[in-house]
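[1] I'll drop the sequence and a predicted model, then ask my questions.
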Amino acid sequence: MALRVTFVAAARSSPLLAERFDDDRPLDRAGWDEVLRVTGALLPLAAAELRYCSPTPRSRATGDAIGVSPLVQLALRECDMGRWRGLTLGEAMAREPAAVDAWLADPRTAPHGGESLSAFITRVGGWLDTRPGEDGDRIVAVAEPSVIRAALVHALNAPPSTYWNLDVRPLSTAVVTGRAGRWNLRFEGAAA
């Protein structure tokens, strides 16, 4: 059974350097403007048989704005950052530099008391691998960039450290096709 899962990164609600761990802020005016600029290009995704989103306000609002009307999936929540919730990376580094270094170096550690990177990737990957559907079904998932990075690491069966090398921009899309245990990353675009 081959499925087509299109991930759409939620619009941003703050400048990149001001992003916070487990940030539940809604879209700001700039985020709404970004969504409105790309709505036409993303509207065809509303024809997907299954439509999901992360539980963040940004993901839900982005999905609704592009016509997807997604169903919230708790498994697509961001990584549980424990006591670093609400902090920027810089703020966490200023408070606990050794702990941040350990977290960045070893995907199995969770010095913040939350979820390790490996556990986060496994959770999101488990969601991807258990999507229902018939051969050829299309699925859309509007999620935070961190969730999409985790899904791509899982889909590619890449080492967890690959997570740090993936750059998922707001409102970008990534497509994986296949089924549990055998996913392919698909690049699409206009024909030359």
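    It's in.
[2] Buried residues of the strand or helix carrying L185, list them for me.
    L185 is part of strand 182-186 when elements are defined by DSSP states H and E. Across strand 182-186, burial judged by 16 or more other Cβ atoms under 10 Å covers W183. Quick note: C-beta positions are derived from backbone N, CA and C, even for glycine.
[3] residue contacts, M93?
    Taking Cβ atoms under 8 Å, 6 or more residues apart in numbering, we find M93 in contact with V100.
[4] what lines up beside the strand holding L185 in the sheet?
    Sheet partners assigned to strand 182-186 using DSSP bridges are listed as strand 173-179 (antiparallel).
[5] Now the partner strand - C-alpha only, PDB.
    The C-alpha trace of strand 173-179 is given here as PDB (Å, rounded to 0.1, in the frame of the first residue of the first chain):
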ATOM      1  CA  THR A 173       6.200  21.400   1.900                       C
ATOM      2  CA  ALA A 174       7.800  18.000   2.000                       C
ATOM      3  CA  VAL A 175       6.400  14.800   0.400                       C
ATOM      4  CA  VAL A 176       7.000  11.200   1.400                       C
ATOM      5  CA  THR A 177       5.500   8.300  -0.500                       C
ATOM      6  CA  GLY A 178       5.400   4.700   0.500                       C
ATOM      7  CA  ARG A 179       4.300   2.800   3.600                       C
END
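[6] That one: how far from the chain's middle?
    13 Å (Cα atoms, centre = their mean, to the nearest Å).
[7] average pLDDT for that strand?
    Averaged over strand 173-179, pLDDT sits at 95.
[8] Which residues in it does the neighbour count mark as buried?
    Buried-residue list, strand 173-179, by 16+ other Cβ under 10 Å: T173, A174, V176, T177, G178.
[9] before we move on, what about stretch 66-81?
    Buried, per 16+ other Cβ under 10 Å, within stretch 66-81: I66, V68, P70, Q73, L76, R77, E78, C79, D80, M81.
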